[in-house]
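Trainee: Here is a sequence with its predicted model. Questions after.
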Amino acid sequence: MSQPMQIVCGRCGAPNRVPAERLTDGPICGKCRNKLFNGKPVDLNAGSFKRFISQTDLPVVVDFWAPWCGPCKAMAPAYAQVAAELEPECLLAKLDTQAHPQPAAPLNIRSIPTMILFKNGKEIDRVSGAMPAGQLKQWIKGTLRKA
């Protein structure tokens, strides 16, 4: 059996240990009993952002967006599609920069949407601007291969 991976629950924020070979078996959170992978982007806030990206062993892509941003809203369905396709290889999350500007400020987010790929809490790569699902998936997979 391989070393367990830590996955932070997107619902309750509890850390969970899951053997790597069991990631595709529909693991559930030990605290709230919800699925750890539900095929949707995780909604982050100022309180959950740092814990989620730094305590989850899987790569995490965060979409920094705002409700008034037309390109952000237009890209949302493609982002959700890619989240469903890439779990559990990586997790996709969203952070509303209007409601929660604190996590975005030190990252120097200059335009939205901006997607940042984190691994072990560290920024690996970023890209700005709305993308179709295929291009977004290609960027994530290409970045993961290089990382």
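Mentor: Arrived safely, thanks for sending. Numbering: from 1, shown residues only.
Trainee: helices or strands up against the longest helix anywhere in the chain?
Mentor: Ordering each helix of the chain by length in residues (DSSP state H) puts helix 70-86 first. In this structure, helix 70-86 packs against strand 60-65, strand 91-96, helix 133-146, with contacts taken as 3 or more C-beta pairs under 8 Å, 6 or more residues apart in numbering; DSSP states H and E. Every C-beta, even on glycine, is put in place using the N, C-alpha and C of the backbone.
Trainee: Buried ones in that helix, by neighbour count?
Mentor: Using 16 or more other C-beta atoms under 10 Å as the test for burial, helix 70-86 gives 72, 75, 76, 78, 79, 80, 81, 82, 83, 86.
Trainee: ditto for stretch 6-22
Mentor: 7, 8, 9, 10, 11, 13, 16, 18.
Trainee: Turn the residues you listed into TSV, columns for pLDDT, secondary structure and distance to residue 132.
Mentor: Below are the buried residues of stretch 6-22 laid out as TSV (pLDDT from 0 to 100; DSSP: H, G, I helix; E, B strand; the rest coil; distance: C-beta to C-beta, whole Å):
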residue	pLDDT	secondary structure	distance to residue 132
7	97	strand	28
8	97	strand	29
9	97	coil	30
10	95	coil	24
11	94	coil	29
13	95	coil	32
16	97	strand	33
18	96	strand	31
